[in-house]
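Student: Below is the sequence, then the predicted model.
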Amino acid sequence: SAPCACATRTSDKICAELMRKSPNRGFVCASATRKFGIAISLVSTARKAEAGMDKQQDFVLRTIEERSVKFVRLWFTDVLGTLKNVAVAPAEVEGAFAEGVGFDGSAIEGLTRLYEADMLAHPDPSSFQILPWRGDVDPTARMFCDITTPDGLPAVSDPRHVLKRTLAKASEKGFTFYTHPEIEFYLLNNSDWENGGAKPIDQAGYFDNVPGGVAHDFRRRSVRMLEDIGISVEFSHHEVGPGQNEIDLRYADALTTADNIMTFRTVIKEVAMEHGVYATFMPKPFAEHPGSGMHTHMSLFEGDTNAFYDASGKYQLSKTGRSFIAGLLHYAPEITAVTNQFVNSYKRLWGGGEPPSYATWGHNNRSALVRVPVYKPGKGQSSRVEYRAIDSAANPYLAYALLLAAGMRGIEDGLELPAEAEDNVWDLTDMERRALGYRALPPSLADAIELMEQSELVAETLGEKVFDYFLLNKRQEWAAYRQQVTPFELRNNLSSL
């Protein structure tokens, strides 16, 4: 039988290990299933009955025993994207596969109400990895979880389920969604901003080489650790701001990418602590320096064919690709509350520099919201579009669900792509932008909330519970922020009024 579709991917340690040990059992891992839209070919019914579990679960249990794993962390996120964790002993993992692990869902942000508190976390065996920063002392592994109600139904407030549901809708139309994030963050001396801390660890700039600098060792250690945990890295470099860095993850299906982003943030925080520094994904920690975004490249595949590619199209972009971009532009103001979910996010979007503030698109135009990268001859399978507004603190499950839903709505409705932005959008006057029909993204969290509240697309994609809770939480954040007296007001008003 054919080997696993991703057995040659060195980043997928589980799959490669499985195929090396069982080359003739026709096993196809979950990563390949999501990538190619094919069904998992399981072992025979007799063998499954004998083993009592599928091969992935069997592999996880065997690896736990062979590697003397002492703890298994079960990960999931709340509605806002905060990583949650419960550790179970190795002896409990088989039971967790069979029945899930119970917890109080009402104690998790937005997950459920008090009178519906009981929830179950079901570990996804395809996400099993040994956590390399734990070393050989009490080896620890992790798996991401799907959350269900006690009767076995998916929890509608589980962000991972929101993305899986949206991916399933796209799959029904023959599409698989791939993403490739470029994640920016700052390295600071510490997080104590109240006492003169929170300073960048260097004064380097874009692509700068800093001999002997902390950032070099930090990035090298981070990349090695990410690779060890099965996350392939494409690039790493110093960004524009002092102490600002970027690490780009390789393309994967959107669910795998979202899992990888959550793991990435944990790895970056762990490596920072090893080096005695602090890593922050805050969108705009410094008024005078660039903010941190998570530019995301996206593509749709129909089987093995890139649906965005058309050799005869302008910029080799297909009608499907053009309609997908049109959908992103049309719904961008409505989804911004999720892709940019904090008060601070709007300091980045409207603080000047590279971040896009208007719903425009362009060919290799970095001031546009959606960029179509330069086409490389002979690489039609690499055709993609880049969405540049999303910041690195977003909940990737909800953000990617909405980006996909917006693009798919553009395809379904046959939306026409407006004229591209050929100039630097920031250099235009307000009158010129209005004349060109460039719509502004919301200038504040309050405006973003109002647009989201009126959005049928966002309500349908997120589902009632997530939609309502997200709006409630963001209204509370804005209300708390609005009551603050800022240093700007004191500096400009206290002595003169």
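Tutor: Received it, and whenever you're ready, just let me know what you need. Numbers count the residues shown, from 1 in each chain.

Student: residues in contact with Tyr400?
Tutor: With contacts taken as CB atoms under 8 Å, 6 or more residues apart in numbering, Tyr400 has the following neighbours: Leu163, Thr166, Phe177, Thr179, Ala254, Thr257, Ala258, Thr296. (Each C-beta comes from the backbone N, C-alpha and C, glycine too.)

Student: Closest one of these to Gly407?
Tutor: Here the nearest of the contacts of Tyr400 to Gly407, counting by CB to CB, is Phe177; it sits at 8.4 Å.

Student: Need the three-state assignment for Lys474.
Tutor: The three-state label for Lys474, taken from DSSP: H, G, I helix; E, B strand; the rest coil, comes out as helix.

Student: per-residue pLDDT, it?
Tutor: Turning to Lys474, the model gives it a pLDDT of 97.

Student: same deal with Phe207?
Tutor: Looking at Phe207, its pLDDT reads 85.

Student: any idea which residue sits dead centre in this structure?
Tutor: To find the centre residue of the chain, average its C-alpha atoms and take the closest one (CA atoms, centre = their mean): that gives Pro396, at 3.1 Å.

Student: Tell me the spacing between that one and Arg482.
Tutor: Taking CB to CB, to the nearest Å as the measure, Pro396 falls 28 Å from Arg482.

Student: Pro418 too?
Tutor: Spatial separation of Pro418 from Arg482 under the definition CB to CB is 35 Å.

Student: The two - which one has more neighbours?
Tutor: Between Pro418 and Arg482, counted using other CB atoms under 10 Å, the more crowded position is Pro418 (17 against 11).

Student: got a list of what the more buried one touches?
Tutor: Under the criterion of CB under 8 Å, 6+ apart, the neighbours of Pro418 are Ala326, Leu329, Trp361, Gly437.

Student: now it, what's its secondary structure?
Tutor: Reducing the assignment at Pro418 to three states with three-state DSSP gives coil.

Student: Can you pull the phi/psi pair for it?
Tutor: The phi and psi torsions at Pro418 (degrees, to the nearest 10) take the values phi -70, psi 180.

Student: quick one: low-confidence ranges for this protein?
Tutor: Flagging of the chain using pLDDT under 70 yields the residue ranges 1-53, 109-116, 375.

Student: My guess is the residue nearest to the centre of the chain contacts Leu255. True?
Tutor: No - Pro396 sits out of contact with Leu255 when judged by CB atoms under 8 Å, with a separation of 9.7 Å.

Student: Could you point out the helix or strand that follows the helix or strand where Arg348 lies?
Tutor: If you go by DSSP states H and E, Arg348 is part of helix 345-349. Using DSSP H and E, the next helix or strand after helix 345-349 towards the C-terminus is strand 361-363.

Student: List of residues touching that next one?
Tutor: Outside strand 361-363, the residues within contact range by CB under 8 Å, 6+ apart are 315, 325, 328-329, 368-372, 374, 385, 417-418, 420-422.

Student: In ChimeraX, select just the buried ones from those.
Tutor: Buried members of the contacts of strand 361-363 can be picked out in ChimeraX with the line below, counting by 16 or more other CB atoms under 10 Å:
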select :325,328,329,368,369,370,371,372,385,417,418,420,421
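
Student: What is the nearest of the contacts of strand 361-363 to Met282?
Tutor: Leu369 (21.6 Å).

Student: how about the residue nearest to Glu274 when sequence neighbours are not counted, secondary structure?
Tutor: What sits nearest to Glu274 in space, not counting adjacent residues and going by CB to CB, 6 or more residues apart in numbering, is Arg221, at 7.1 Å. Secondary structure, three-state DSSP: Arg221 is helix.

Student: Count the neighbours of Arg221 for me.
Tutor: For Arg221, the tally of surrounding residues (other CB under 10 Å) stands at 17.

Student: Double-check it against Val271; I have them as touching.
Tutor: Yes - using CB under 8 Å, Arg221 is in contact with Val271, at 5.2 Å.

Student: can you pull the contacts of Arg165?
Tutor: Residues in contact with Arg165 (CB under 8 Å, 6+ apart) are Pro154, Ala401, Gly463.

Student: try 10 Å
Tutor: Taking CB atoms under 10 Å, 6 or more residues apart in numbering as the criterion, Arg165 is in contact with Pro154, Val156, Asp158, Ala401, Ala405, Thr461, Leu462, Gly463.

Student: What segments of the stretch 201-350 of the chain are helices?
Tutor: For the stretch 201-350 of the chain, applying DSSP state H, counting those that start in this stretch gives helices covering 214-228, 254-274, 319-339, 345-349.

Student: Show me the one of these that comes nearest Ala89.
Tutor: In terms of CB to CB, the element of the helices of the stretch 201-350 of the chain nearest to Ala89 is helix 254-274, at 21.1 Å.

Student: What residues of the closest one count as buried?
Tutor: Of all the residues in helix 254-274, those buried under the rule 16+ other CB under 10 Å are 254-272.

Student: Kindly report the same for stretch 147-157.
Tutor: Along stretch 147-157, the positions that meet the burial threshold by neighbour count (16+ other CB under 10 Å) are Ile147, Thr148, Pro154, Ala155, Val156, Ser157.

Student: Ser444 is nearest to which of the helices of the stretch 201-350 of the chain?
Tutor: Closest to Ser444 of the helices of the stretch 201-350 of the chain is helix 345-349 (CB to CB; 5.1 Å).

Student: Residues touching that closest one, excluding its own?
Tutor: Contacts of helix 345-349 (CB under 10 Å, 6+ apart): 282-287, 290-293, 336-337, 339-340, 342, 354-357, 389-394, 440-448.

Student: and if we set it to 8 Å?
Tutor: Among residues not part of helix 345-349, those counted as contacts by CB under 8 Å, 6+ apart are 283-284, 287, 290-293, 336, 340, 355-357, 389, 391, 393, 441-445, 448.
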